[in-house]
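>>> Here you go, sequence then predicted model.
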Amino acid sequence: MDAVNALLIPIFDLQLLGLIALGTFAGIYVGAIPGLSVTMAVSILISFTFTWEVYPALALMIGIYMGGVYGGSRTAILLNIPGAPSAIATALDGFPMAQQGKAGEAIGIVTVVSFIGGFIGIFALALFAPSLADFAIRFQPRDYFLLGVLGILLVGSLSGESLVKGIFSGALGIAIGSVGMDPLTFTERFTFEISGLRAGVSFVAVMIGMFGISEGLMQLHTVNTAAVKQTIGRIVPSWAQVRKHLPLGLQTSSIGTVIGALPGTGGDIAALMAYDHAKRVTKNPEVPFGKGAIEGLVAPETANNAAVGGAFIPMLTLGIPGDAVTAIMIGALFIHGLNPGPLLMTSQPDMFWFIVSSLMLANCFMLIFGLTGIRLFVKIVELPRTVLLPVILLLSIVGAYAVNNSLTDVYWMLGFGVFGYFMKLYGYPLGPVILGVILSRLLDDNWRRAIISDQESLWMLLKGTLASPLSLVLFAAVILIFLSKTPLWGLVFRRKTAA
Amino acid sequence: MMMKSVIGAVVALSLSALPALAEYPEKEIQGIIQWGAGGSTDTVARAITPRAEAVLGGKIVMQNVTGGVGAIGLNQVADADADGYTVLFGAENPLLYKVMKLGDKDYSDFIPINIIARGVPILVANVDAPFNTFPEMVAYINANPKAVKFGSTGPGGLPSVVTAMINAKTPLDVTFIPYDGDGPALTALQGGAIHVMPAVLGAAIEGIKGGTMKPIALFDVEASPQLPDVPTIVSTNPEFADVLPWGPFFGVFVKEGTPDDVVAKLTAAYAEGAKHPDFVSLIDGRGFKMLSLSGEEAETFLNGWQSTTSWLIHDAGLTKASPEEFGIPKP
């Protein structure tokens, strides 16, 4: 009964309802602009909402979070510049669709599947939070390492025509990710005694450069060709189309929820893993992946929005943040005099249901705001290049500067932009670079933790892996996926069918 | 001669008129937080600042400048003008930069506005660990060398200092698993990846109350009012009394050379902010000890902390340079 009452708080309070709507609307734009992140917006809001009651403050933050995760897809589709790392996979098929004049259709689908993914994440939070949190904290360093290895196998999916070039790009990403002070031992790596390198290379600056600037430079080649005329037919996808992709969407939403609930991983890894999953399970896509496949939009966008609900699972049940945004929200709860921890759900069940309900509302507002204004947005793609390119450059510079208010990041961004341009020119895929940067810490830190835990013995590590059901499943998945991408698999498979 | 005295008079006049013309703060103040959003330093800084703003009558815009164990943020404030318009919100780490070779600046290049609060270290264990008290833990470790896993956060962090304290009294043969902060390490503790973690009470208090982790000993000379049943280390091992109380702290700083009247205004504002009942209850609730030190008292606190901690970790072999090189006296 109390739960129902708490669920109804934001629905019948006009002020709260308005704040959630406002937050979601603002979040979509924060998310869409590369360099402006939800993490940044929420931490600014802590100071801003300091004197407010806790419910309105949370309502606004939740709206921003939900809208922001979705918003990253906008610029990914329209400009090939992901607004946030979790939208990298969305650009792979979204931008080709925009190039074919189907930007409106792409945004429509992304909006609807984001809503579905978001809903499933919230559903899991509402019904299974305690057991999912219990499962998530059982991940040992070796499990995170295996998850990282699974992630690095995505290079295969992101490489395009040449796997060798993909592996080179991925390795480059890992190298970039390991620059700076090693957070486990405070030893400097690849810093060459330059103090500016101690903090490492800002990963968002690399992303903006590689996607924003290099894309801008690429488009200079075709600066005088007319922009693609966008056909704006049906924006809201038909029920038949939604139903067709629903099974995939449900699978990728589950991936998103679980990866989101893990304290060491977030929506960015979830989206990439979901994309890989879609590529594996979709036998005959209508359009090939990388050329505008609908499945390539459904998978990452359901997963990253499902990860939102997932991230709240360990936060609300144990006081452990599921990602960077929920970490800040924990700080906000402390400032508002609450003590998020394992007792929060029993001592303040209202708070739990209030958050569930606000997330649900934010998800609905996201659907509404997402579907309106699409016609206006797709006009961006129709702008002449001579107008669009300077805007891309400006957005990239502002975005790179905004991350840490650092001019050094702007130079990194420009440098990686030019470098990325040459990589594109010579057929080196850029996706694996970002993947490498995202995964380098996950792999490196957890490998070291795992091997130290087992007395630096590979044999003991292997024994431990085989003894734990969770590690065993992950280990088997790594082996299977690896084999499925090598010629060996085809050999075995053919032999079977022959016999 | 005549000219000179006229100039002198003009200069004197303008000097005396200056403070009245430029009433601090006449523009927005930049607040640089050394650590990331959501952490202890961030929470405390963002909670006290609005209270101080009210007294100061100005706006302080807060910003997290992280990286390099906080050195990036510290250097940014050190490179700005000493005019009180750039304020540093920092933790204890800079006092170890010199001996850890992380930078050549520390709080001696700053004026402390307020040393807000001190954290209390606590040793917590996984709920299934086969020991409940410090002596039981020591006995178990001695019987099972290398089997017990301790979480750590790199040399100079709280876990390394507490471990150095323990090793100085009772050397322990355990395996250290590195984490990038006590948050992730305490998560790993609850999942069973590590067995014991020296943490700050504030980070562990809710877990202890909720029964997801087990307190072993509070590293302080008196019990915590929030957890009165948790035994202090000195109640079982009185030999620890000579290094305690010790703990990480948070403070507000401005660059050395900032005008006295600005320092006085900021000091008054933050001292008043620290008294606000909501802020006091936040500090108490998270298991911190309110200090609110400024001026001479704050300098003494900083020097004492630097001397104790530098030598403790130097004797444990964790430093890259001797505290002697920087004239840090032995405690």
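All right, it came through fine. Residues are numbered from 1 along each chain as shown, chains lettered A, B, ... in the order given.
>>> Would you mind listing what in the stretch 201-331 of chain B touches chain A?
Neighbours of chain A within the stretch 201-331 of chain B, by Cβ under 8 Å from any Cβ of the partner chain: B:205-207, B:209-212, B:278, B:281-282, B:285-286. C-beta coordinates here come from the backbone N, C-alpha and C atoms, glycine included.
>>> likewise the stretch 51-200 of chain B?
Residues of the stretch 51-200 of chain B lying near chain A by Cβ under 8 Å from any Cβ: B:62-69, B:71-72, B:100, B:102, B:146, B:149, B:154-156, B:175-180, B:183-184, B:186-188, B:190-193.
>>> Can you check the pLDDT for residue B:275?
In this model, residue B:275 is scored at 92, pLDDT.
>>> what's the neighbour count on the closest residue to chain A within the stretch 201-331 of chain B?
Closest approach between the stretch 201-331 of chain B and chain A, counting by Cβ to the nearest Cβ: residue B:206, at 2.4 Å. Residues lying near residue B:206 (other Cβ atoms under 10 Å in any protein chain shown) number 23.
>>> follow-up on the earlier one: out of the residues of the stretch 201-331 of chain B next to chain A, which are buried?
B:205-207, B:209-210, B:212, B:282, B:285-286 (16 or more other Cβ atoms under 10 Å in any protein chain shown).
>>> Serialize the residues of the stretch 201-331 of chain B next to chain A to TSV and add fields for secondary structure and pLDDT.
Output for these, formatted as TSV (DSSP: H, G, I helix; E, B strand; the rest coil; pLDDT from 0 to 100):
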residue	secondary structure	pLDDT
B:205	helix	88
B:206	helix	87
B:207	helix	89
B:209	helix	89
B:210	coil	89
B:211	coil	89
B:212	coil	90
B:278	helix	88
B:281	helix	88
B:282	helix	87
B:285	helix	83
B:286	coil	82
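>>> Pipe the residues you listed into JSON lines and attach distance to residue A:62 per row.
Listed next are these as JSON lines, based on distance: Cβ to Cβ, whole Å:
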{"residue": "B:205", "distance to residue A:62": "26"}
{"residue": "B:206", "distance to residue A:62": "21"}
{"residue": "B:207", "distance to residue A:62": "25"}
{"residue": "B:209", "distance to residue A:62": "26"}
{"residue": "B:210", "distance to residue A:62": "24"}
{"residue": "B:211", "distance to residue A:62": "29"}
{"residue": "B:212", "distance to residue A:62": "25"}
{"residue": "B:278", "distance to residue A:62": "23"}
{"residue": "B:281", "distance to residue A:62": "25"}
{"residue": "B:282", "distance to residue A:62": "22"}
{"residue": "B:285", "distance to residue A:62": "24"}
{"residue": "B:286", "distance to residue A:62": "24"}
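>>> helices or strands up against the helix or strand residue A:390 falls within?
Per DSSP states H and E, residue A:390 falls inside helix A:385-404. Secondary-structure packing of helix A:385-404 (3 or more Cβ pairs under 8 Å, 6 or more residues apart in numbering or on different chains; DSSP states H and E): helix A:203-207, helix A:214-220, helix A:407-425.
>>> Give me the contacts around it.
With contacts defined as Cβ atoms under 8 Å, 6 or more residues apart in numbering or on different chains, helix A:385-404 is touched by A:33-37, A:40, A:79, A:81, A:202, A:204-205, A:208-209, A:212-213, A:215-216, A:219-220, A:222-225, A:227, A:380, A:407, A:409-410, A:412-414, A:417, B:65, B:67.
>>> For it, C-alpha coordinates in PDB please.
The C-alpha trace of helix A:385-404 is given here as PDB (Å, rounded to 0.1, in the frame of the first residue of the first chain):
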ATOM      1  CA  ARG A 385      28.100  21.400 -45.800                       C
ATOM      2  CA  THR A 386      29.600  24.800 -45.800                       C
ATOM      3  CA  VAL A 387      27.300  25.700 -42.900                       C
ATOM      4  CA  LEU A 388      27.400  22.300 -41.200                       C
ATOM      5  CA  LEU A 389      31.100  21.700 -41.100                       C
ATOM      6  CA  PRO A 390      32.000  24.900 -39.100                       C
ATOM      7  CA  VAL A 391      29.200  24.000 -36.700                       C
ATOM      8  CA  ILE A 392      30.700  20.500 -36.200                       C
ATOM      9  CA  LEU A 393      34.100  22.000 -35.600                       C
ATOM     10  CA  LEU A 394      32.800  24.500 -33.100                       C
ATOM     11  CA  LEU A 395      30.700  21.800 -31.300                       C
ATOM     12  CA  SER A 396      33.800  19.600 -31.100                       C
ATOM     13  CA  ILE A 397      36.000  22.300 -29.600                       C
ATOM     14  CA  VAL A 398      33.400  23.400 -27.100                       C
ATOM     15  CA  GLY A 399      32.600  19.800 -26.200                       C
ATOM     16  CA  ALA A 400      36.300  18.800 -25.700                       C
ATOM     17  CA  TYR A 401      36.900  21.900 -23.600                       C
ATOM     18  CA  ALA A 402      33.800  21.400 -21.400                       C
ATOM     19  CA  VAL A 403      34.900  17.900 -20.200                       C
ATOM     20  CA  ASN A 404      37.600  19.200 -17.900                       C
END
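>>> Please parse chain A into its domains.
A:2-162+A:233-403, A:464-499 (automatic domain parsing).
>>> Return the per-residue confidence for the closest residue to chain B within chain A.
Of all residues in chain A, residue A:341 sits closest to chain B, at 2.4 Å by Cβ to the nearest Cβ. pLDDT recorded at residue A:341 is 81.
>>> in a helix, that's where it is, yeah?
No: using DSSP: H, G, I helix; E, B strand; the rest coil, the assignment for residue A:341 is coil, not a helix.
>>> Tell me what residue B:251 is bridged to.
Note on residue B:251: beta-bridge partners by DSSP bridges are residue B:90, residue B:115.
>>> Was I right to think it contacts residue B:110?
No: counting by Cβ atoms under 8 Å, residue B:251 does not reach residue B:110; the two are 9.1 Å apart.
>>> Now do the strands in the stretch 201-331 of chain B.
Ranges of strands in the stretch 201-331 of chain B, per DSSP state E, counting those that start in this stretch, are B:214-218, B:249-255, B:289-293.
>>> about what we covered before: which residues does the residue lying closest to the residue of the stretch 201-331 of chain B closest to chain A once chain neighbours are set aside contact?
The shortest distance from residue B:206 to any non-neighbouring residue, by Cβ to Cβ, 6 or more residues apart in numbering or on different chains, is to residue A:341 (2.4 Å). With contact taken as Cβ under 8 Å, 6+ apart, residue A:341 is in contact with A:318-319, B:205-207, B:209-210.
>>> of residue B:251 and residue B:110, who's got more company?
residue B:251 (29 against 25).
>>> pLDDT score for that one?
pLDDT recorded at residue B:251 is 94.
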